[in-house]
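In: heads up, no residue letters with this:
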């Protein structure tokens, strides 16, 4: 699902779903926790208003084993960039997200 598609559902989304949607748009694998941490670091440096959010993969509707494993790996980390955040998908945040270098 693309960023535009998830934006149509609700304005605020968790960063894991935003990450997956953004990677899907760029045709990049989303299962790398280190790349996700770089993504969150990038969003924070670009002053997106992120709020921490406790996410259980099952609560998010995740039935895929891969997504559950990804969320569990992030939960084990003490790095604040491994946390899950809420992101308001407005025009400016979508622009920042799409400018992230997904292949790094």
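Out: It's in. Treat the numbers as computed from the prediction; the structure is a model and nothing was measured. Numbering: from 1, shown residues only.

In: where does the prediction get shaky in this protein?
Out: 55-63, 104 (pLDDT under 70).

In: show me where the chain has its strands.
Out: Applying DSSP state E to the chain gives strands spanning 12-14, 51-52, 85-88.

In: helices and strands around the second one, which ones?
Out: Which is strand 51-52. Secondary-structure packing of strand 51-52 (3 or more C-beta pairs under 8 Å, 6 or more residues apart in numbering; DSSP states H and E): strand 85-88. (C-beta placed from N, C-alpha, C; glycine too.)

In: just the residues contacting the strand it packs on, thanks.
Out: Here strand 85-88 makes contact (C-beta atoms under 8 Å, 6 or more residues apart in numbering) with 11-15, 18, 40, 43, 48-53, 93, 97.

In: do stretch 22-37 as well
Out: 1-3, 16, 19-20, 39, 66, 70, 73-74, 77, 79, 81-82, 97-98, 100, 102-104.

In: picking that back up, could you dump the strands of the chain into a markdown table with distance to residue 35 added?
Out: Compiled in a markdown table, the strands of the chain are given as follows (distance: least, C-beta to C-beta, whole Å):
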| stretch | distance to residue 35 |
| --- | --- |
| strand 12-14 | 17 |
| strand 51-52 | 20 |
| strand 85-88 | 16 |
